[in-house]
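Trainee: based on what follows, work out the 3D shape:
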Amino acid sequence: METNQKKTNDPAHYYGGVKMGTIDRQVSSLILALQESPEYQDYRKQEKILNQNPALKERVDQFRRENFTTQTQIMGEEWSDAIERLTVESAQLRKIPEVNAFLDAELALCKLIQRTVSKITAGVALDIPI
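Mentor: Purely as a prediction, here's the structure:
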């Protein structure tokens, strides 16, 4: 057991934290690698540009919130109506170069994170029925 560490009853803490310490360090390394990626760097750059216009940033954030809610919580005919509204709003927003660049950068970063999570899930043979 690690020095001065009390053994826990948490099954995720093998021997009270020895293995979790290793995993935590590796996760920190993974986070650093993601932060150093071109996708993340571009996302932060585009975010900084968008933040220079607070009203536009709020409009984009509202669009992102509505998009997330629609994708995760709305079903049926209400979903179709929401998608139509989002499609119109997306087309309007994407005409603005800094918004288009931000949304493209966000999508690229999300895809990178999704690929990373998929590799982790496949690597630990976690059987998730889809």
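Trainee: what distance separates the helix or strand harbouring Ser118 from the centre of its chain?
Mentor: Element membership for Ser118, per DSSP states H and E: helix 97-123. Relative to the mean C-alpha coordinate of its chain, helix 97-123 is positioned 7 Å out (C-alpha atoms, centre = their mean, to the nearest Å).
Trainee: which parts of that helix are buried?
Mentor: Neighbour-count burial for helix 97-123 flags Val99, Ala101, Phe102, Leu103, Ala105, Glu106, Ala108, Leu109, Leu112 (criterion: 16 or more other C-beta atoms under 10 Å). Bear in mind the C-beta positions are built from the backbone N, C-alpha and C, glycine included.
Trainee: where exactly do the helices run in this structure?
Mentor: 18-36, 38-51, 54-73, 76-94, 97-123 (DSSP state H).
Trainee: of the ones you listed, which approaches Ile130 most closely?
Mentor: Ile130 sits nearest to helix 97-123 of all the helices of the chain, at 11.0 Å, using C-beta to C-beta.
Trainee: counting by contacts, list what that closest one packs against.
Mentor: Helix 97-123 sits against helix 18-36, helix 38-51, helix 54-73, helix 76-94, with contacts defined as 3 or more C-beta pairs under 8 Å, 6 or more residues apart in numbering; DSSP states H and E.
Trainee: what pLDDT does Ser37 get?
Mentor: pLDDT recorded at Ser37 is 98.
Trainee: how about Glu66, what does it touch?
Mentor: Residues counted as contacts of Glu66 (C-beta atoms under 8 Å, 6 or more residues apart in numbering) are Ala82, Arg85, Leu86, Glu89.
Trainee: pLDDT score for it?
Mentor: On the pLDDT scale, Glu66 gets 95.
Trainee: re earlier: now the contacts of Glu66: which count as buried?
Mentor: Ala82, Leu86, Glu89.
Trainee: if we can go back for a sec, next, the angle helix 76-94 makes with the helix holding Ser118.
Mentor: Per axes from the mean of the first three to the mean of the last three C-alpha atoms, to 10 degrees, the angle that helix 97-123 makes with helix 76-94 is 130 degrees.
Trainee: where does the protein have low pLDDT?
Mentor: Scanning the chain for pLDDT under 70 picks out 1-18.
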